[in-house]
Structure formats: C-alpha cells, structure tokens
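S.K.: Sequence plus predicted model, see below.
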Amino acid sequence: MKLNCSQTELNTALQMVSRAVASRPTHPVLANVLLTADAGTGRLRLTGYDLNLGIQTALAASIEKSGAITLPAKLFGEIVSKLSSDYPITLESDDTSQNVELISRSGTYKMRGMLAEDFPDLPLVESGTVLQLKPSSLINALRSTLFASSTDESKQLLTGVNLTFQNESIESAATDGHRLAVLNLDDALLNNNRNDDSSNLFTVTLPSRSLREVEKFVSGCDLNQPISLFSDKGQVVFMALDQVITTRTLDGSYPNYNQLIPENFSRILEFSRKDFISSLERIAVLADQHNNVIKISTEEHSEILKISADAQDIGSGSESMPVKFTGDPIQIAFNVKYLLDGLKVINSDQIRLQCNAPTTPAIFLPLESQSNFTYLVMPVQIRN
C-alpha cells in the first residue's frame, strides 16, 4: 500500500473512527484502526470497531498502490495530529513485515501494524428494514431523550433509547426508572411510499453510547441529505455517503412507558422556563451539598412559586418567581439534577408543570413548542 493524503482530512477521519476503538480490547487487533486504500476509487477508508459499535469513513487520496493494514489507533492518531497541516502525508506499508512508514515534510515515522485479515468485518446490513431519515429530526430526537437513559449497566435495556418509527413519524423515549423523556416528531421520515397502517410500525432499542456517536455523526453530515437506516438480525446501520455507523441492538421488550403518564391532573402550574432554570441553578449550589433535593411549593391565593433547599447543618436557601396555577396548593420535591437535565432540552419560553400528589409522577411540557415533548419526573418523598 502506498498513498498520499491531506493531514487535516486524515486527522479528522482518525478522530472519528477512534471513538469506536475498544479502550480495553479483548483481542490486540481491536485496539487498531483498519486502513483500506483503493486505487480504483481514489479513496482511503478507515474503520474502527469494538464488536458493539463500528464507525467507518473515507477520504480522497492519491493512491499509487492499493492495500489494507491495521495500525494502533492511539499511536497513529497522536502522530498524525501533531504533523503539519500545511503538507500532505505519505503512507507506505511493507506487505511482508506489516511495517508502515509515515512520511511528512519534517520527518519520518515507522509503526508496526497487524494484518487486515485479522480485523473483524463490519456488519454492514443492507437488507431487512430500510428507512430514510431527515437528519434534523434524528438529531432532535436524540438530543431530547439521550440524557434520560440509565448509566446502570445492570438495567441493560434502560441504558438505551427506544426508537419507534411509523409511516413518517419517529418517537424517541428514554428512562432510567426515575425520569422519562419522550419526543414525538411527525414528518421525520422520507418513506412516503409506505402505507398508512400499523404494519409499518418498527421499533428498536439502541445503546446510548452508540447513539451519542450517531448524534455527532449526523451533526457533521449535510442536513439536506437523508440518513439511511438499515436494520436486520440485531444490527442497525446508519449511513450517509462515505460515512457509516453500525451498532448492535439491545435485546428485550422496552417498558410500556405510556402507561406511566397520568391521564388527568389536579394541579397545573405555568411559569418561565428561563427564570426557573436560573433559580434552580442557584439553589443547586446548596442542594448539591446534601442530597440534590429541592422543594417547589405554592400557597393559596398567591401567584408566587417558591423554590427552596435545606442542606442539613450547612445552610438553606429559597427563591421566588411568578406562576399561574390552578388547583390546591402543593409542596413537592425533586432531584434538582433531573429537573435541569430535562428543562435544558425543552425549546419553549414557558413551561407547564402538571401533577397530582407529592408522591405521584409530575409532567413538564413546553407551552409554545411545536414538538410533542413530555418529560416525566418522579418526586422525591420528603418528611415535613
């Protein structure tokens, strides 16, 4: 293999695929990136794969001799990142020894690679379910729900995000057992030829780690070009031009989260999202010292919302802000981090808090946004 390419493009591609390289590989070759040079297409393809998440991208290169080899991702990436971006890089490998020479204007570096044949094949599914997604809708769906997934690996299904596709809509949902974020978007798919019936329902749960990479991947794509999704036999592939991300699915039936959302509410509060976030961030300074718990309360015949925290043996604090509310006065407590996480993804100046009792689920909704976003938070039980 022998080629010339741009340092900037190679560095960008390496940074992308290295996110799929195993930090603790079960086999030495999984610590490497696969380089495949094709003189016929004039493209250098890079692949990282840890057996769960795979990322592949390609860049233009002047290829004198086709070939493939794997190189240590960390070492290769660090060397390339420090080379001058003003001059091209030459890569040349020895087919017999797997030694690779990296030549720039300022110097020459040698690395020992491993055979490309030892690198596992990326499961590029191109059959089964096929969808065309609008990039902006996919980004919105992921950003609005990823934060609510669990970090507890023992709750395997809850460490992912459940995506449901039907006709031209997408519903994204994530929960960790204490909170639930659901976003429903119409006109998110481009499969206009699909029939309007329940047989078009397709649902899959994907690991949050993979979807965070998908979000970055899609954010860097042309937002005017659709993202292709292929799903078959426990694998899902997202594809756009030369870039591919593949991930395994999470097995099992995702919880029926819709049954967690109450149908009726006896108390409804409406207030400024920005002002509420500002108050919470100030109160959180005290709440963080104890148990992250803050209290929200209203009083009869008063249009003031009180937010307070009491850090035992350290101090206490309270904030007040205007509120419109219907129903009886209430005092309800929440984990302040859960509130802030959800409020920061709501795209609305005014929000609505709907609840019944201090021990039942509370719902936060945007008042002005066109999107159908629901954020459910379980209150913290407190002693008066």
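M.R.: In hand now; what should we look at?

S.K.: roughly how far is stretch 313-326 from the heart of the chain?
M.R.: Relative to the centre of its chain, stretch 313-326 is centred 33 Å away, using C-alpha atoms, centre = their mean, to the nearest Å.

S.K.: average pLDDT for that stretch?
M.R.: Per-residue pLDDT values over stretch 313-326 give a mean of 91.

S.K.: ok, residues contacting it?
M.R.: Contacting residues not belonging to stretch 313-326 are listed as 267-272, 275-276, 279, 282-283, 285-286, 289-290, 298, 303-310 [C-beta atoms under 8 Å, 6 or more residues apart in numbering]. In short, each C-beta sits where N, CA and C put it, glycine included.

S.K.: That one: which residues count as buried?
M.R.: Neighbour-count burial for stretch 313-326, with 16 or more other C-beta atoms under 10 Å as criterion, is recorded at Gly317, Glu319, Val323, Phe325.

S.K.: just the helices in the protein please.
M.R.: For the chain, helices defined by DSSP state H occupy the ranges 7-17, 73-82, 135-143, 208-219, 273-287, 336-343.

S.K.: Out of those helices, the one nearest Asp176 is which?
M.R.: helix 336-343 (9.1 Å; C-beta to C-beta).

S.K.: Now do the contacts for the residue nearest to the spatial centre of the chain.
M.R.: Nearest residue to the geometric centre of the chain (C-alpha atoms, centre = their mean): Arg212, 2.6 Å. When the contact criterion is C-beta under 8 Å, 6+ apart, the partners of Arg212 are Leu142, Leu146.

S.K.: How much space separates it from Gly160?
M.R.: Between Arg212 and Gly160 the distance, using C-beta to C-beta, to the nearest Å, works out to 11 Å.

S.K.: Quick one, grab the pLDDT at Leu260.
M.R.: With respect to pLDDT, Leu260 has a value of 93.

S.K.: which residues sit in contact with it?
M.R.: Applying C-beta under 8 Å, 6+ apart to Leu260 gives the contacts Leu180, Pro361, Leu376.

S.K.: The first one contacts Ala174, correct?
M.R.: Yes: the pair Leu180 and Ala174 passes the contact test of C-beta atoms under 8 Å, sitting 7.4 Å apart.

S.K.: What about Phe147, how many residues nearby?
M.R.: The tally of other residues near Phe147 (other C-beta atoms under 10 Å) stands at 18.

S.K.: thought it was touching Leu183?
M.R.: No: checked against C-beta under 8 Å, the pair Phe147 and Leu183 is beyond contact range at 11.7 Å.

S.K.: where does this structure have low pLDDT?
M.R.: Residues of the chain that meet the criterion pLDDT under 70 lie in 126-127, 191-199, 369-371, 384.

S.K.: tell me the domain ranges of it?
M.R.: Per automatic domain parsing, the structural domains of the chain span 2-118, 129-257, 262-377.

S.K.: Roughly how far does the residue nearest to Leu189 when sequence neighbours are not counted sit from Asn11?
M.R.: The shortest distance from Leu189 to any residue that is not its chain neighbour, by C-beta to C-beta, 6 or more residues apart in numbering, is 4.7 Å, and that residue is Glu168. In this structure, Glu168 lies at 38 Å from Asn11, with C-beta to C-beta as the measure.

S.K.: now swap in Thr90 and tell me
M.R.: 15 Å.

S.K.: what sits against the closest residue to Gln15 other than its chain neighbours?
M.R.: Nearest residue to Gln15, sequence neighbours excluded (C-beta to C-beta, 6+ apart): Gly77, at 6.9 Å. Counting by C-beta under 8 Å, 6+ apart, Gly77 touches Asn11, Leu14, Gln15, Ser18.

S.K.: swap in Ser144?
M.R.: Counting by C-beta under 8 Å, 6+ apart, Ser144 makes contact with Ser172, Ala181, Leu183, Val345, Ser371, Phe373.

S.K.: any idea how far it is from Glu171?
M.R.: In this structure, Ser144 and Glu171 are separated by 11 Å, where distance is defined by C-beta to C-beta.

S.K.: same check, this time on Leu367
M.R.: Using C-beta to C-beta, Leu367 is found at 21 Å from Glu171.

S.K.: from the contacts of Ser144, which would you call buried?
M.R.: With neighbours counted by 16+ other C-beta under 10 Å, these contain buried members at Ser172, Ala181, Leu183, Val345, Ser371, Phe373.
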